[in-house]
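Undergrad: Make a model of this:
(one chain, ligands or ions: 1)
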Amino acid sequence: MPIFTISKEALVGTAALGAAFAAGVIIGKKRAPWHFGTRKEQKAFYKKGDPLIDYMLKHSMREHPVLKKLRRRTMEEPEGINMICCDQSQFMANLAKLICAKKVLEIGVFTGYNTLNMALALPDDGKVVGCEVNNDYINIGKPFWKQAGVEHKIDVRIKPAVETLDELLAAGEAGTYDFAFIDADKKSYIEYYEKCLRLVRKGGIIAIDNVFWKRKVLKPGKNDIECQTIQHLNEKILRDVRVNISMITMADGVTLAFKL
Ligand SMILES: C[S@@+](CC[C@H](N)C(=O)[O-])C[C@H]1O[C@@H](n2cnc3c(N)ncnc32)[C@H](O)[C@@H]1O
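TA: Numbering: from 1, shown residues only. Okay, here's the model as predicted:
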């Protein structure tokens, strides 16, 4: 009689994980499997192949099995690199839990890795309103949201984010969101920030992604509108008395604005 039992799925999963890790070691990469999902910007920010990042991921990631599947599916896409860093997503989901969030806004859903993470962090009657212009990405994510049992918490609006934010404001939803994540087209970041500030409640959080813009904020090019916009927003938020802030050296830089 066995001392412990293990399901066939778990056995296969463990064997596959072991094989993937061993393959990495054998070919000299020595990377934990979840490293495959991190973004170029993260690798650009930290020193290339920094073993500390591998250590951090190995010792902090508690990725839900469906998130892992979605990450791997997303990496099959040519634009897969656009996915959020998994450690950043886990951090924000923890923050959402900490403030007992029920309503979350996500500007730029892509295949919905972070949307799924947020939905998992919310209570059963919680809601993630997602803004996205490309329905093909949403169709990749949807089956995974369903598999994780949180599809009912996710409401993606396929249209330019500014239109969705205006609709939410017109519907009287100002001050009702607990958390907003800005991660879409950079040229609209200032507009997104202002609208999110109206939609988020006092004590709520606005997280802004890519605030280092691949380190280019240190010296934006003359015609680099995206970088210049991010730089302006960083300056604006620094002086914004409506919020407390932290700029986190995680991934490509994340600013957290806590609404006062
Ligand atoms: C960096 S990706 C978002 C990554 C995502 N947050 C995640 O968890 O992996 C940016 C997304 O913003 C979308 N996007 C770009 N412009 C937009 C707009 N004006 N309104 C809404 N979504 C937009 C893109 O189609 C893309 O899927």
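Undergrad: Was I right to think Met118 contacts Leu95?
TA: No. The pair Met118 / Leu95 is not scored as a contact, 10.0 Å apart, by CB atoms under 8 Å. All C-beta atoms are positioned from the backbone trio N, CA, C, and that covers glycine.
Undergrad: List the buried residues in the helix or strand where Tyr193 lies.
TA: Tyr193 is part of helix 189-199, with elements assigned from DSSP states H and E. Of the residues in helix 189-199, 189, 192-193, 195-197, 199 count as buried by neighbour count, 16 or more other CB atoms under 10 Å.
Undergrad: wait, which of the residues you listed is closest to the ligand?
TA: Tyr192 (8.9 Å; CB to the nearest ligand atom).
Undergrad: burial of the nearest residue to Lys216 once chain neighbours are set aside, as a residue count?
TA: Closest residue in space to Lys216, ignoring its immediate chain neighbours: Cys227 at 4.7 Å, by CB to CB, 6 or more residues apart in numbering. Each residue near Cys227 was counted by other CB atoms under 10 Å, and the total is 20.
Undergrad: Repeat that for Met250.
TA: Counted by other CB under 10 Å, the residues lying close to Met250 total 18.
Undergrad: what sits against the closest residue to Ala148 other than its chain neighbours?
TA: Of all residues not flanking Ala148 in the chain, Val66 sits nearest, at 4.0 Å (CB to CB, 6+ apart). Shown in contact with Val66 (CB atoms under 8 Å, 6 or more residues apart in numbering): 116, 144, 147-148.
Undergrad: out of those residues, who's nearest the ligand?
TA: Leu116 (8.3 Å).
Undergrad: my guess is that closest one meets Leu70, correct?
TA: Yes. Leu116 lies in contact with Leu70 (CB under 8 Å); the separation is 6.2 Å.
Undergrad: got any residues that touch both of the two?
TA: 141, 144.
Undergrad: Show me how far the host helix or strand of Thr164 is from its chain's centre.
TA: Using DSSP H and E, the element containing Thr164 is helix 161-170. With CA atoms, centre = their mean, to the nearest Å as the basis, helix 161-170 stands 21 Å off its chain's centre.
Undergrad: what's the angle from it to helix 189-199?
TA: 20 degrees (axes from the mean of the first three to the mean of the last three CA atoms, to 10 degrees).
Undergrad: Which strands and helices lie in contact with helix 161-170?
TA: strand 103-107, strand 127-132, helix 189-199 (3 or more CB pairs under 8 Å, 6 or more residues apart in numbering; DSSP states H and E).
Undergrad: now for the last one, which elements pack on it?
TA: Think helix 189-199. Against helix 189-199 (3+ CB pairs under 8 Å, 6+ apart) you get strand 103-107, helix 161-170, strand 177-182, strand 200-209, helix 225-238, strand 254-259.
Undergrad: what about 7 Å?
TA: In this structure, helix 189-199 makes packing contacts with strand 103-107, helix 161-170, strand 177-182, strand 200-209, helix 225-238, judged by 3 or more CB pairs under 7 Å, 6 or more residues apart in numbering; DSSP states H and E.
Undergrad: contacting residues around that helix?
TA: 105, 107, 161-162, 165, 168-169, 173-174, 177, 180, 182, 206, 208, 229-230, 232-233, 236, 242, 259 (CB atoms under 7 Å, 6 or more residues apart in numbering).
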